[in-house]
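In: no sequence on this one, just coordinates:
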């Protein structure tokens, strides 16, 4: 791969394929694979990611919002798409683009039924979400009769799946709680099977659930962060390949004398003669202020260079004293020698927040396509 000449996020589709195949190997061949591609494919390139996953055999996609599903349809993706948080104002657009909504309360289920009936739909596929302990979205166990009555009163919609969301599937200390969630979900499903007279798909496992709770794979699993190379566990991280490498370049090199200060609020003072490099990336690109003042750093020609001073909107400065480099040289922020999880931890956050926060103004480059 040629050296970066600007700030870019390289997205390795071979790594994506490796991760997909690894997670697929953990489930039975008749279990469907729902690939979660919300938030621009976890901050990568949603169109390129989705097209590759279609090629690999993904059965379903999941996005957060209706607009994300529409973007996939406009990119030519024909695979079924679950919209996890569609919002009632978008229900007509959901139907117009053949998207499948998650319906999680009496209000949204009733509103979607009204919209589907108005558009003279027949058995339009919907997904019913149940709250088994995350306490974010979903019908409670006590509301199964509400779901039953609303679904039985109409032929405009039909439940294609029941699902829930595990709260702590990566944490073995919460195993008892997770098993309680799985048991509650199974109990709800069995009750509704009998009352509705048909059997929607069941899914509750996220990436960590796939790895840690194989008996809860049911009919489909949902994988998001695992596809992008993160397993929520150090041992699983070693079996996955992060797909993204964030790179930039050295814009300018300065030599500071002892006592000189650098950046906004003069946050860094040179204690000795110090060489610094200015890089064209900042908090508007997703490298936020918590990474500044020595907390995190980058790699230049294989050497670690700490970020010094406050992170600016469009630039950061790093200490390159003792590093052999020149203006125009490539800089690696995460990927390669520095795992995104490691970089994120230095800013007291998690890989999810780091990778999904990379601004869309950063150029995406698909490699190994």
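Out: Now that the structure is in, tell me what you want to look at. Quick caveat: nothing in here was measured; it's all calculated off a predicted structure.

In: for residue 11, phi and psi?
Out: The phi/psi pair for residue 11 (degrees, to the nearest 10) reads phi -120, psi 110.

In: so who does it touch?
Out: Residue 11 makes contact with 44, 45, 48, 49, 243, 244, 364, 365, 366, 367 under the criterion CB atoms under 8 Å, 6 or more residues apart in numbering. From N, CA and C alone the C-beta is placed, and that goes for glycine too.

In: any idea how far the first one is from residue 339?
Out: Just to be clear, that refers to residue 44. Distance, residue 44 to residue 339, using CB to CB, to the nearest Å: 16 Å.

In: with the last one instead?
Out: In this structure, residue 367 and residue 339 are 18 Å apart, going by CB to CB.

In: what does residue 245 give?
Out: From residue 245 over to residue 339 (counting by CB to CB), the distance is 11 Å.

In: circling back: who wins for most neighbours among the contacts of residue 11?
Out: Counting neighbours by other CB atoms under 10 Å, the top entry in the contacts of residue 11 is residue 243, with 31 neighbours.

In: hang on, isn't it packed against residue 17?
Out: No - using CB atoms under 8 Å, residue 243 makes no contact with residue 17, being 9.6 Å away.

In: which residues touch the residue nearest the centre of the chain?
Out: Centroid-nearest residue in the chain, with CA atoms, centre = their mean: residue 42, separated by 3.4 Å. By CB under 8 Å, 6+ apart, the contact list for residue 42 reads 36, 224, 225, 227, 228, 352, 355, 356.

In: give the full set of residues in contact with the third one.
Out: Applying CB under 8 Å, 6+ apart, one finds that residue 225 lies in contact with 42, 206, 207, 231, 232, 351, 352.

In: hang on, residue 115 is in a helix, isn't it?
Out: Yes - according to DSSP: H, G, I helix; E, B strand; the rest coil, the state of residue 115 is that of a helix.

In: okay, it: pLDDT?
Out: In the predicted model, residue 115 carries a pLDDT score of 98.

In: return the distance of it relative to residue 70.
Out: 16 Å.

In: in the stretch 101-250 of the chain, what residue spans correspond to helices?
Out: Applying DSSP state H, counting those that start in this stretch to the stretch 101-250 of the chain gives helices spanning 106-118, 144-152, 175-196, 207-212, 234-237.

In: out of those, which one sits most buried?
Out: helix 207-212 (a mean of 23; mean count of other CB atoms under 10 Å).

In: now tell me what touches that helix from outside.
Out: Here helix 207-212 has contacts from 23, 26-27, 166, 169-170, 172, 178, 216-217, 221, 223-227, 231-233, 236, using CB under 8 Å, 6+ apart.

In: avg pLDDT for it?
Out: 96.

In: what's the answer for stretch 11-29, then?
Out: 98.

In: residues contacting residue 243?
Out: Counting by CB under 8 Å, 6+ apart, residue 243 touches 11, 12, 13, 15, 16, 19, 44, 227, 228, 229.

In: ok, so of those residues, who is nearest residue 126?
Out: residue 227 (24.8 Å; CB to CB).

In: please give the element, helix or strand, for the closest residue to the closest one other than its chain neighbours.
Out: Excluding its sequence neighbours, the residue lying closest to residue 227 (CB to CB, 6 or more residues apart in numbering) is residue 19, at 5.2 Å. Per DSSP states H and E: residue 19 is located in helix 13-24.

In: not counting that helix itself, show me its contacts.
Out: The contact list for helix 13-24, computed with CB under 8 Å, 6+ apart, reads 33, 35, 48-49, 52-53, 56-58, 207, 210, 221, 223, 226-229, 239-243, 366-369.

In: which among these count as buried?
Out: Neighbour-count burial (16 or more other CB atoms under 10 Å) is assigned, among the contacts of helix 13-24, to 33, 35, 48-49, 52-53, 56, 58, 207, 210, 221, 223, 226-229, 240-243, 366.

In: in strands, which of these fall?
Out: Counting by DSSP state E, the buried ones among the contacts of helix 13-24 place 33, 35, 221, 223, 366 in strands.

In: what about the fourth one, distance to residue 37?
Out: Between residue 223 and residue 37 the distance, using CB to CB, works out to 10 Å.

In: equivalent analysis for the last one, please.
Out: When distances are taken as CB to CB, residue 366 and residue 37 turn out to be 14 Å apart.

In: please apply the same query to residue 181.
Out: Taking CB to CB, one finds residue 181 at 24 Å from residue 37.

In: repeat for residue 354
Out: Distance of residue 354 to residue 37, given as CB to CB: 18 Å.

In: low pLDDT regions in this protein?
Out: Filtered on pLDDT under 70, the chain yields the residue ranges 1.

In: direction included, what does the one helix or strand residue 62 maps to pair up with?
Out: Using DSSP H and E, residue 62 sits in strand 60-63. Sheet pairing of strand 60-63 (DSSP bridges) gives strand 32-36 (parallel), strand 81-83 (parallel).

In: out of these, flag the one nearest residue 260.
Out: strand 32-36 (48.0 Å).

In: so after the closest one, what's the next helix or strand?
Out: The first helix or strand that comes after strand 32-36 along the chain, using DSSP H and E, is helix 38-43.
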